[in-house]
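[1] Sequence and predicted structure, then a few things I'm wondering about:
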Amino acid sequence: MTDALPEKGVPGEQILAELRELRAGDLPTHGGRLFAYVYDPALDGLDDLARAAHATSAHVNGLDPTAFPSLLAMENALVAAAARLLGGGPATVGSVTSGGTESLILAVKAARDACPDVRSPRLVIPSSAHAAFAKAAHYLRVELDVVPVRDLRADPRAMAAAITPDTVLIAASAPSYAHGVVDPIPEIAAIAAEHGIRFHVDACFGGWILPYLRRLGADLPHFDLAVPGVTSISVDLHKYAYAPKGVSILLHASEELRRPQYFAHADWPGYTMINPVISSTRSGGPIAAAYATLRSIGDAGYLALAGKTRESVSVLAAAVEATDGVRLYAPAETSVVCLASDGVDLFVLADELAARGWHTQPQMAHAGHPPSIHLTVTAAVHATVESFAPGLAAAVAAARARGPVQLPPLPPLTAEAVTPQLIASLADGLGLGAGDFTQMATVNTILNAAPPALREALLTGFLSLLQRPTHGDVMT
Ligand SMILES: Cc1ncc(COP(=O)(O)O)c(C=O)c1O
């Protein structure tokens with residue numbers, strides 16, 4: 001690794017060459033063979049445009065819109081576009097945040113702070129809701145009431161039964177990340193309205209594609225601000241709006257609902273701090289890049305991209321259904337294909353798919369769900385999708401030939417027993433010490449067998465092991 005602070009500055013060309021070399025070790029962000037983390041529309045010239053737009057505003061600070069009205073103008077335009085797409089009306093307002101997690105934390109904060117008299121605020125979510133709600137609850141000291149799903153979807157009656165006088169917010173997904181299914185939003189919204197409780201729709205993942213899928217004829221429930229009882233909704237522009245990372249939108253049905261989201265502090269000797277979102281200083285780069293992306297693709301462009309995605313989902317789902325050894329675990333109704341195993345070791349299969357250039361996301365068994373493989377499908381997959389079925393068949397055959405993972409003997413473990421030393425020796429023993437993450441079946445099998453608290457401790461320890469300053473073999 002090179003030195004981030006060399007004694008003397010290094011020429012730009014050399015630095016860019018170093019960056020390219022580092023990036024060569026990453027998964028491919030383009031090419032339609034990575035089914036998680038990245039969203040690729042495969043549109044010529046869009047990357048260059050977004051990069052140039054980012055550069056125009058990278059040093060602009062969102063801290064003070066009176067100093068940098070350009071950012072305020074772009075933010076207001078992005079919020080207006082999201083509101084138009086997601087059933088907003090004349091009263092709708094919103095904020096631009098750095099991502100889905102921030103949008104959800106702020107939705108929970110706004111709901112919590114709107115009820116100052118509730119001493120132990122609670123949040124009702126279905127068990128399929130994104131982990132970011134748990135993070136929001138943890139950061140904000142809000143209790144979580146997690147309601148089991150029925151057929152992968154939120155169960156409105158069970159959610160109603162979980163409401164208490166301390167409930168400040170109910171939330172559901174459109175769609176859920178893990179399985180890609182849309183919760184029955186109108187039913188839950190009606191319950192929330194009846195109780196006078198805020199209802200947030202987490203459309204972070206699918207909010208920019210669901211409206212287009214519906215326009216293309218997909219049979220999906222209404223899920224947006226037009227549904228009576230929905231008080232806020234979040235949509236990530238760095239997902240299906242195909243903007244570079246760092247932009248999400250949180251919409252509220254009215255300014256009054258948004259008000260408690262703000263943080264203000266005048267009681268110190270410096271400038272009065274007024275923040276609508278968590279960060280104070282914020283780069284204008286991602287906002288300008290998102291603005292350029294939306295304007296470049298346009299409504300018709302998004303419709304076409306959704307069409308490509310929809311076709312790709314059908315082809316992928318058909319491939320899963322036609323392959324002996326795997327099955328669809330969830331209906332492929334949006335932009336996710338989720339498959340479970342039917343006789344092959346799923347984690348070996350994920351490695352075999354990766355060995356063939358198909359990078360998927362294994363999901364651990366949880367609360368009655370078996371382990372599964374998640375595929376986030378984006379428009380770029382359209383170009384490669386026909387070669388998935390033979391790849392899947394070959395990967396299944398190879399996984400069968402290898403047989404299931406045989407775990408090495410492991411000491412009985414608890415979350416409390418996890419120490420940095422134990423993590424280091426486990427990582428070495430499992431071959432992760434050298435940074436090769438291509439053979440993950442054994443690791444995933446161990447994690448899958450671990451209860452959630454132990455899995456959290458193991459992975460936290462491992463991330464902490466990875467995140468160490470690089471002191472040795474510095475070159476300039
Ligand atoms: C439904 C849903 N909500 C929230 C998030 C969190 O978004 P981010 O990773 O941008 O913080 C995600 C991310 O995948 C998601 O799928």
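    Yep, it's here. Residues are numbered from 1 along each chain as shown.

[2] Just give the nearest non-adjacent residue to the closest residue to the ligand within the chain, would you?
    The nearest approach of the chain to the ligand comes at residue 100, 2.3 Å away (C-beta to the nearest ligand atom). C-beta here means a position set from N, CA and C on the backbone, and glycine is covered the same way. Closest residue to residue 100 apart from its sequence neighbours, by C-beta to C-beta, 6 or more residues apart in numbering: residue 204 at 3.3 Å.

[3] can I assume the one you found is in contact with residue 248?
    Yes: contact criterion C-beta atoms under 8 Å: residue 204 and residue 248 qualify, at 6.3 Å.

[4] what residues do the two have in common as contacts?
    100, 103, 234, 235, 236 (C-beta atoms under 8 Å, 6 or more residues apart in numbering).

[5] would JSON lines of those with neighbour count be doable?
    Below are those laid out as JSON lines (neighbours: other C-beta atoms under 10 Å):
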{"residue": "100", "neighbour count": "23"}
{"residue": "103", "neighbour count": "31"}
{"residue": "234", "neighbour count": "31"}
{"residue": "235", "neighbour count": "30"}
{"residue": "236", "neighbour count": "28"}
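
[6] So which of these are in helices?
    100, 103 (DSSP state H).

[7] Can you tell me which of the shared contacts of residue 204 and residue 248 lies closest to residue 471?
    residue 100 (34.9 Å; C-beta to C-beta).

[8] Would you mind naming what in the chain lies close to the ligand?
    Contacts of the chain with the ligand, taken as C-beta under 6 Å from any ligand atom, map to 99-101, 104, 130, 132, 173, 177, 202, 204-205, 236, 248.

[9] what's around the closest residue to residue 263 other than its chain neighbours, how many residues?
    Among residues not flanking residue 263 along the chain, residue 275 sits closest, at 4.7 Å (C-beta to C-beta, 6+ apart). Other residues near residue 275 come to 17 when the count uses other C-beta atoms under 10 Å.

[10] So for residue 50, what's the nearest residue that isn't a sequence neighbour?
    residue 289 (4.3 Å).

[11] give me phi/psi at that neighbour?
    phi -70, psi -40 (degrees, to the nearest 10).

[12] residues contacting it?
    Per C-beta under 8 Å, 6+ apart, neighbours of residue 289: 50, 51, 53, 54, 243, 244, 247.

[13] quick one: which of these is most hemmed in?
    residue 243 (29 neighbours).

[14] if I read this right, it contacts residue 49, doesn't it?
    No: between residue 243 and residue 49 there is no contact under C-beta under 8 Å: 11.0 Å.

[15] Show me where the stretch 351-476 of the chain has its strands.
    361-363, 372-376 (DSSP state E, counting those that start in this stretch).

[16] Give me the residues contacting the last one.
    Think strand 372-376. Contacts of strand 372-376 (C-beta under 8 Å, 6+ apart): 35-37, 39, 177-179, 316, 329, 335-340, 346, 349-350, 353, 360-363.

[17] Give me the subset of those residues lying in helices.
    Checking the contacts of strand 372-376 against DSSP H, those in helices are 316, 346, 349, 350, 353.

[18] Identify the farthest-apart pair in those residues.
    316 and 346 (16.4 Å).

[19] Tell me which of these two has more neighbours.
    residue 346 (26 against 23).

[20] which residues does the nearest residue to that one once chain neighbours are set aside contact?
    Once flanking residues are discounted, residue 346 sits nearest to residue 371: 4.9 Å by C-beta to C-beta, 6+ apart. Counting by C-beta under 8 Å, 6+ apart, residue 371 touches 340, 341, 346, 347, 362, 363, 364, 365, 444, 448.

[21] what does residue 71 give?
    Applying C-beta under 8 Å, 6+ apart, the residues contacting residue 71 are 57, 60, 62, 65, 284, 287, 288.

[22] Can you report how many residues neighbour the third one?
    Going back to what we said before, that points to residue 62. 24.

[23] Test my guess that it contacts residue 282.
    Yes: here residue 62 lies in contact with residue 282, judged by C-beta under 8 Å, at a distance of 3.5 Å.

[24] Pull the contacting residues for residue 415.
    So residue 415 contacts 453, 454, 456, 457 (C-beta under 8 Å, 6+ apart).

[25] rerun that using 6 Å as the cut-off
    Shown in contact with residue 415 (C-beta atoms under 6 Å, 6 or more residues apart in numbering): 453, 454, 457.

[26] Just the buried ones out of those, please.
    With burial judged by 16 or more other C-beta atoms under 10 Å, the buried subset of the contacts of residue 415 is 454, 457.

[27] Give me the phi and psi angles of the residue lying closest to residue 328 once chain neighbours are set aside.
    Among residues not flanking residue 328 along the chain, residue 320 sits closest, at 5.3 Å (C-beta to C-beta, 6+ apart). Main-chain torsions, residue 320, degrees, to the nearest 10: phi -60, psi -50.

[28] and what of residue 165?
    According to degrees, to the nearest 10, residue 165 has phi -60, psi -20.

[29] Quick check: the gap between the nearest residue to it once chain neighbours are set aside and residue 199.
    Take residue 165 and drop its neighbours on the chain: the residue closest to it by C-beta to C-beta, 6+ apart is residue 118, 7.8 Å away. Separation of residue 118 from residue 199 (C-beta to C-beta, to the nearest Å): 16 Å.

[30] do residue 319 as well
    37 Å.

[31] same deal with residue 76?
    In terms of C-beta to C-beta, residue 76 sits 25 Å off from residue 199.

[32] So for the two, which sits in the more crowded spot?
    residue 199 (27 against 14).

[33] what lines up beside the helix or strand where that one lies in the sheet?
    Residue 199 is part of strand 198-202 when elements are defined by DSSP states H and E. Applying DSSP bridges, strand 198-202 is found paired with strand 167-173 (parallel), strand 232-236 (parallel).

[34] Single out the most deeply packed of those.
    Most buried of those, by mean neighbour count (mean count of other C-beta atoms under 10 Å): strand 232-236, with a mean of 30.

[35] Give me the next element, helix or strand, following that strand.
    strand 248-252.

[36] CA atoms only: put the helix or strand that that next one is followed by into CSV for me.
    Next in sequence after strand 248-252, counting helices and strands by DSSP H and E, comes helix 255-258. Taking Å, rounded to 0.1, in the frame of the first residue of the first chain, the C-alpha atoms of helix 255-258 are listed here in CSV:
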residue,chain,number,x,y,z
GLU,A,255,-44.0,20.9,6.4
GLU,A,256,-45.5,20.4,9.9
LEU,A,257,-44.5,16.7,9.7
ARG,A,258,-41.0,17.6,8.7
